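**Student:** Need coordinates for the following:
(one chain, ligands or ions: 1)
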Amino acid sequence: MMLFEQIATGGCQSYVVGCGETCAAAVIDPEISQIDRYSALAARDGLHIRFVIDTHTHADHFSATHQLAQQLGVPVVMNRASPAPFVTMRVDDGEMLSVGRLRLQVIHTPGHTRDSICLVAEDRVFTGDTLLIGATGRTDLPSGDAGALYDSLFLRLLRLDPNMKVFPAHDYKGRSHSTIAQELAQNPRLQTRDRTAFVAMMSNLNLTMPTHITEALRTNMSGGKTVAQMLAEAAAIVPFMSLAELAARVRAGDEDFIILDVRERDAYDAGHIPGARLLPRGQLELRASEDLPDPTRRILVYCEFGRISTLATATLRAMGFQRAVALDGGMKAWREGSYPVNGGKEP
Ligand SMILES: [Fe+2]
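**Tutor:** Numbering: from 1, shown residues only. Purely as a prediction, here's the structure:
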């Protein structure tokens, strides 16, 4: 008995597939914002995740395979052509993953990317971006190849059992799946059966670049962190103070703490929180000992939007300023909240 869960994140689809007999499971195309959900779903169904798999190098969303594999101590599975150094189990056409009694059969389907694979499990195929419902993956991103996509589709994927269910890595219209037969009959891109015409059609799509493509490729190909991850990690280890709380303390003349503005000098001069000192974030580590000689002082850190100050507060805490606290919001929200602002140069 196959256990199956589809997780939609915006237009991205990811999957947890498990073996009901042995309780082993695999996660396919996990997305970073859902990272806790995969483990939670597996736990709810009594499953143990054994593999985390990316069907290809994603350019349009942030893969969670690296982080999830580290958390779970399991392999990251991708095709041998994947450029990602954190892939610990490279698979190729004709191989299988054994997930308990469940078998995931690998079909190498280059085209959308060189490292694209599809995975067949019993009555269904996980097609990644090789075949979407009513579309195919694009071939104009790095390592894309329209001719290879044609071959992967018409010589491999579309020759599977027509009744096989198709579960893609994306659907922007909220559909969960279709079948090979439905795609053969209705998918507009599959009606061009001539290879040269197919390649011409794919190169004339004129698609816009996915948002965050540079960050997605950088992190998915290297295992590096996204900016959102770095902010989340910092926010997890620092306390915050609300604008209203800080305003009340400023009003009451509370001098028990230092208010630290970590923006640049011109921003500070244009307007800052009354009593704030300037220490630009770019100089934070090198000037900290001189400017902040007492590590036991409470230090309230703010910036323009509340993001850089979160990172700066985490840095201060790491340096031993154990009472560093970040403003929940920034100077922009402070101004918009009509709290008092002092102009002029640093004293
Ligand atoms: Fe993709």
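
**Student:** Please enumerate the strands of the stretch 201-347 of the chain.
**Tutor:** 240-242, 257-261, 277-278, 298-302, 324-328 (DSSP state E, counting those that start in this stretch).

**Student:** So Leu3 sits against Arg44, correct?
**Tutor:** No: contact between Leu3 and Arg44 fails when scored by CB atoms under 8 Å: they sit 10.4 Å apart. The way it works is simple: take the backbone N, C-alpha and C, and place the C-beta from them, glycine included.

**Student:** which residues does the closest residue to the ion within the stretch 151-300 of the chain contact?
**Tutor:** As assessed by CB to the ion, the ion sits closest to Ala169 within the stretch 151-300 of the chain, at 6.2 Å. Taking CB atoms under 8 Å, 6 or more residues apart in numbering as the criterion, Ala169 is in contact with 12-14, 29, 55-56, 58, 126-129, 132.

**Student:** with those in mind, which one is nearest to the ion?
**Tutor:** Asp129 (3.6 Å).

**Student:** Grab the nearest non-local neighbour of the closest one.
**Tutor:** Residue nearest to Asp129 in three dimensions, not counting chain neighbours: Gly137, with 3.2 Å by CB to CB, 6 or more residues apart in numbering.

**Student:** my guess is that neighbour contacts Thr109, does it?
**Tutor:** No: with contact defined as CB under 8 Å, Gly137 does not reach Thr109; the gap is 9.4 Å.

**Student:** which neighbours do these two share?
**Tutor:** In contact with both Gly137 and Thr109: 116, 128, 130, 149, using CB under 8 Å, 6+ apart.

**Student:** What is the nearest of these to the ion?
**Tutor:** Gly128 (6.9 Å).

**Student:** and the ion, which of the contacts of Ala169 reach it?
**Tutor:** 58, 129 (CB under 5 Å from the ion).

**Student:** could you dump the contacts of Ala169 to a markdown table with secondary structure?
**Tutor:** Below are the contacts of Ala169 laid out as a markdown table (DSSP: H, G, I helix; E, B strand; the rest coil):
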| residue | secondary structure |
| --- | --- |
| Cys12 | strand |
| Gln13 | strand |
| Ser14 | strand |
| Asp29 | coil |
| Thr55 | coil |
| His56 | coil |
| His58 | coil |
| Phe126 | strand |
| Thr127 | strand |
| Gly128 | strand |
| Asp129 | coil |
| Leu132 | strand |
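
**Student:** Among the contacts of Ala169, which one is most surrounded by other residues?
**Tutor:** Thr127 (33 neighbours; other CB atoms under 10 Å).

**Student:** so who does that residue touch?
**Tutor:** By CB under 8 Å, 6+ apart, the residues touching Thr127 are 55, 109, 118, 157, 166-169.

**Student:** just to revisit the earlier point, quick one, phi psi at the residue of the stretch 151-300 of the chain closest to the ion?
**Tutor:** Note on Ala169: backbone dihedrals following degrees, to the nearest 10 are phi -80, psi -10.

**Student:** contacting residues for Leu260?
**Tutor:** Taking CB under 8 Å, 6+ apart, we find Leu260 in contact with 276-277, 279, 292, 299-302, 312.

**Student:** And the furthest pair within those?
**Tutor:** Leu292 and Tyr302 (15.0 Å; CB to CB).

**Student:** So these two - more neighbours on which side?
**Tutor:** More crowded of Leu292 and Tyr302, by other CB under 10 Å: Tyr302, with 30 against 19.

**Student:** right, and that one touches Ser309 too?
**Tutor:** Yes: using CB under 8 Å, Tyr302 makes contact with Ser309 at a distance of 5.0 Å.

**Student:** Give the residues shared as contacts by those two.
**Tutor:** By CB under 8 Å, 6+ apart, the residues touching both Tyr302 and Ser309 are 262, 326-327, 330.

**Student:** now those residues in CSV, with pLDDT?
**Tutor:** Listed next are the shared contacts of Tyr302 and Ser309 as CSV, based on pLDDT from 0 to 100:
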residue, pLDDT
Val262, 98
Ala326, 98
Leu327, 98
Gly330, 96
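
**Student:** quick one: which of these is nearest the ion?
**Tutor:** Using CB to the ion, Gly330 comes nearest to the ion of those, at 34.7 Å.

**Student:** Next one: the closest one relative to Ala247, how far apart?
**Tutor:** 14 Å (CB to CB, to the nearest Å).

**Student:** Tell me which of these two has more neighbours.
**Tutor:** The neighbour comparison of Gly330 against Ala247 (other CB under 10 Å) goes to Gly330, with 20 against 17.

**Student:** ok, that one - contacts?
**Tutor:** Neighbour list for Gly330: 302-307, 309 [criterion: CB under 8 Å, 6+ apart].

**Student:** For these, work out which two are farthest apart.
**Tutor:** Farthest pair in the contacts of Gly330, by CB to CB: Tyr302 and Arg307, 10.9 Å.

**Student:** Correct me if wrong: Gln322 contacts Arg298.
**Tutor:** No: here Gln322 does not reach Arg298: they are 9.5 Å apart, not a contact under CB under 8 Å.
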